[in-house]
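A.B. asks: got a predicted model here, sequence first, then my questions.
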Amino acid sequence: MIPWLKKNKALYKSGRLSVKTKGLENQPGQNNCFLNSAVQVLWHLDVFRTNFARMTGHNCVGESSCIFCAMKHLFARFKYSDQEILPPTDLRVAMSIIYQAQNRFQLGLMEDAAECFENLLLRIHSHVVEESTSEDNMCSAKHCISHQKFGMMLIEQGVCECGETSEPLPFIQLVHYVSATALCAKLKARRKYYRAADKEEKFARLIRSVSRGSRKCPSNCGSEIATRTSLMNAPDVISIGVNWDSEEPAIEHIIDFIHTLSTMIKLQDMFDSVLDKNAQRNEYHLSAVVCYYGKHYSTFFFNRKANRWLSIDDAAVSEVGKHWRDVLIKCIKGHYQPLLLLYTNYAAESMNFSSGPTSIKKIASSVTSSPALSRRDSEAASSSSSGSLSPAHVPMPVQNGNSTRPKKFQWNTSVPSRGTGHYKEPKAGTSFLTYKPYENPSKNSNSFKVSTNTNNSNDINENLRGFPTL
């Protein structure tokens, strides 16, 4: 560990590394690994680190409980400190104070790394955006780094061949959760449809397939109706959270899931429709992976300038290799479960903070009894073998750390039955909150059931054949 960090200093000074890499402290009993993984991801994402460095003004709730201040102090030590291992104490204490009423993220207690990552983004949002400027849980502030860079503005709507349509449901998602079991089952069911040329498209298409909700049509037609998802904006980071059925899955299950992964995705493969032209063109490359094994979290990230994958396990920093295959082998040997995947648009532009706060404004503490954002509410739905979402488990729009379940779909029976459904393109200047992507039913809305058999007798090396080397 120490030799690599000393080597890292030399590489950074020579310009071969774009950012300093340091370890984070996790003494026995501290259980900081989930927080360390979330912080390392944010620090090594260029699109977050460079823009966050330009943010100065914010609504401060006091140094001891201000997550924004704690993040600023920790990032400054990443950049300027000569220490090779940094303590995340200030940030850990701030989170324990903010979420004390909910008994979440308390000192010494283990938490979920993906939930921690998402709640850090939400707290940063709450420090720079006034509640009155967020309409209907939708943050559109140009200076909000959380929603401008990570937020996926989505609209879900159910359609049926008989003419039934649901009211469109708009919401913002910072992390898109999927079930590992559902992805593996869908891949097995459709393996014959994927050619070798589909390696990069496969993962995004599987996500789209398993993320569709389904329900019975309320009319007398008896059809299974699938919900369709439209992406309205072009985020620069796509965060995918993975739900596992077990904390210790069989190695065959881990191999099956790894076989679904791609190192690059396109959003038109991941969603039913993408309305933003930039989102249609952008390519998103796998840049970081948070893994879990044995009640412990660690992180892999790809440094573009050094052209190598690095492993960060609390204070231990090591080089994995130049190729994605090297990470896969390490995951299989260590039985690591990929828990959070981050895909980045390398052509991301800098943000405009002219509309944001320019000074530090002291405000009353925002410690409340409102729940921290958790993926536990969606696990029951996303871990199902079909990947379908029940009406009570549609994605939850969130604001300032509060999760609010949206209303159930309201079926519109006034649409007359037509022979052929069509997709309604939005008019110029259409509001995100009023746009209805599906006015008429689609013929191909039915989802199909898949096998839940995840047994895999193939050899590990056989499963790794054909993976991209970058």
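C.D. replies: In hand now; what should we look at? Residues are numbered from 1 along each chain as shown.
A.B. asks: could you use CA atoms for every contact and neighbour count after this?
C.D. replies: Fine.
A.B. asks: next, count neighbours for Asn345.
C.D. replies: The local packing count at Asn345 equals 22, with neighbours defined by other CA atoms under 10 Å.
A.B. asks: also the one 10 residues further on?
C.D. replies: Applying other CA under 10 Å, we find 10 residues neighbouring Ser355.
A.B. asks: can you pull the pLDDT of it?
C.D. replies: On pLDDT, Ser355 comes in at 89.
A.B. asks: now do Ser211
C.D. replies: Listed pLDDT for Ser211 reads 87.
A.B. asks: from memory it sits against His176, does it?
C.D. replies: No - at 9.1 Å, Ser211 and His176 do not qualify as touching, with contact defined as CA atoms under 8 Å.
A.B. asks: which of those two has more neighbours?
C.D. replies: Set side by side, Ser211 and His176 show more neighbours around Ser211, with 28 against 18, by other CA under 10 Å.
A.B. asks: give me the common contacts of Ser211 and His176.
C.D. replies: A shared contact of Ser211 and His176, defined by CA atoms under 8 Å, 6 or more residues apart in numbering, is any residue touching both; here there are none.
A.B. asks: now do the same for Gly158: helix, strand or coil?
C.D. replies: Secondary structure assignment for Gly158 (DSSP: H, G, I helix; E, B strand; the rest coil): strand.
A.B. asks: that one reaches Thr227, doesn't it?
C.D. replies: Yes - using CA under 8 Å, Gly158 makes contact with Thr227 at a distance of 4.2 Å.
A.B. asks: tell me which of these two has more neighbours.
C.D. replies: Taking Gly158 and Thr227 together and counting by other CA under 10 Å, Gly158 has the greater number of neighbours (27 against 24).
A.B. asks: so the more buried one versus Ser166, what's the distance?
C.D. replies: Gly158 sits 5 Å away from Ser166 when distances are taken as CA to CA, to the nearest Å.
A.B. asks: again with Lys305
C.D. replies: Note on Lys305: its distance to Ser166, by CA to CA, is 47 Å.
A.B. asks: now do Lys322
C.D. replies: With distances taken as CA to CA, Lys322 is found 48 Å from Ser166.
A.B. asks: burial of Gly294, as a residue count?
C.D. replies: Around Gly294 there are 10 other residues, counting by other CA under 10 Å.
A.B. asks: from here on, call the first residue 9.
C.D. replies: Okay, residue one is now 9; in that scheme the one you just asked about reads as Gly302.
A.B. asks: Leu283 contacts Gln276, doesn't it?
C.D. replies: No - with contacts defined as CA under 8 Å, Leu283 does not count as touching Gln276, sitting 9.2 Å away.
A.B. asks: who's more crowded, the two?
C.D. replies: Set side by side, Leu283 and Gln276 give different neighbour counts by other CA under 10 Å, the larger being at Gln276 (20 against 16).
A.B. asks: ok, now which ones touch that one?
C.D. replies: Listed by CA under 8 Å, 6+ apart, the contact set of Gln276 reads Val282, Ala287, Gln288.
A.B. asks: narrow the residues you listed to those in helices?
C.D. replies: For the contacts of Gln276, the ones inside helices are Ala287, Gln288, with DSSP state H as the criterion.
A.B. asks: wait, which of the contacts of Gln276 is closest to Lys196?
C.D. replies: Ranking the contacts of Gln276 by separation from Lys196, with CA to CA as the measure, puts Val282 on top at 26.9 Å.
A.B. asks: if I pick that closest one, what's in contact with it?
C.D. replies: Contacts were defined as CA under 8 Å, 6+ apart; by that measure Val282 touches Ser238, Leu239, Met240, Asn241, Leu275, Gln276, Gln288.
A.B. asks: return the alpha-carbon coordinates of stretch 281-298 using CSV.
C.D. replies: Provided in CSV are the C-alpha atoms of stretch 281-298 (Å, rounded to 0.1, in the frame of the first residue of the first chain):
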residue,chain,number,x,y,z
SER,A,281,-37.0,6.8,-25.5
VAL,A,282,-34.5,9.6,-25.0
LEU,A,283,-35.6,13.1,-25.9
ASP,A,284,-32.4,15.1,-25.4
LYS,A,285,-30.2,15.2,-28.4
ASN,A,286,-27.0,15.3,-26.4
ALA,A,287,-28.2,12.2,-24.5
GLN,A,288,-28.8,10.5,-27.8
ARG,A,289,-25.3,11.1,-28.9
ASN,A,290,-23.3,10.7,-25.7
GLU,A,291,-21.4,7.5,-24.8
TYR,A,292,-21.1,6.6,-21.1
HIS,A,293,-18.0,4.7,-20.0
LEU,A,294,-17.6,2.6,-16.9
SER,A,295,-15.4,4.6,-14.5
ALA,A,296,-16.0,3.3,-11.0
VAL,A,297,-17.4,0.2,-9.3
VAL,A,298,-18.2,-0.2,-5.6
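A.B. asks: and that stretch, which residues are buried?
C.D. replies: 281-283, 287-288, 290-298 (16 or more other CA atoms under 10 Å).
A.B. asks: now do it, average pLDDT.
C.D. replies: For stretch 281-298, the mean confidence score works out to 95.
A.B. asks: on contacts alone, who are the packing partners of the longest helix along the chain?
C.D. replies: In the chain, with assignment by DSSP H, the single longest helix is helix 121-136. If you count contacts as 3 or more CA pairs under 8 Å, 6 or more residues apart in numbering; DSSP states H and E, helix 121-136 packs onto helix 41-52, strand 66-68, helix 75-88, helix 153-157.
A.B. asks: could you report the distance from the nearest residue to Ser367 once chain neighbours are set aside to Ser362?
C.D. replies: In space, Ser367 comes closest to Gly65 once its chain neighbours are excluded; the distance is 4.0 Å by CA to CA, 6 or more residues apart in numbering. Using CA to CA, we find Gly65 at a distance of 11 Å from Ser362.
A.B. asks: between those two, which one's more packed in?
C.D. replies: For Gly65 versus Ser362, the count of surrounding residues by other CA under 10 Å is larger for Gly65: 16 against 9.
A.B. asks: got a list of what that one touches?
C.D. replies: Val136, Gly364, Pro365, Thr366, Ser367, Ile368, Lys369.
A.B. asks: number of residues surrounding His81?
C.D. replies: Close neighbours of His81, defined as other CA under 10 Å, add up to 14.
A.B. asks: ok, now how distant is it from Arg57?
C.D. replies: Applying CA to CA to His81 and Arg57 gives a distance of 13 Å.
A.B. asks: what do you get for Val297?
C.D. replies: Here Val297 is placed at a distance of 17 Å from Arg57 (CA to CA).
A.B. asks: with Thr271 instead?
C.D. replies: The gap separating Thr271 from Arg57 is 22 Å, by CA to CA.
A.B. asks: so which of these two has more stuff around it?
C.D. replies: The residue with more neighbours, out of Thr271 and Arg57 and counting by other CA under 10 Å, is Thr271; that gives 18 against 15.
A.B. asks: OK, contacts around the nearest residue to that one once chain neighbours are set aside?
C.D. replies: With sequence-adjacent residues excluded and distances taken as CA to CA, 6+ apart, Thr271 is closest to Leu294, at 5.0 Å. Going by CA under 8 Å, 6+ apart, Leu294 touches Ser270, Thr271, Met272, Phe310, Leu349, Leu350, Tyr351, Thr352.
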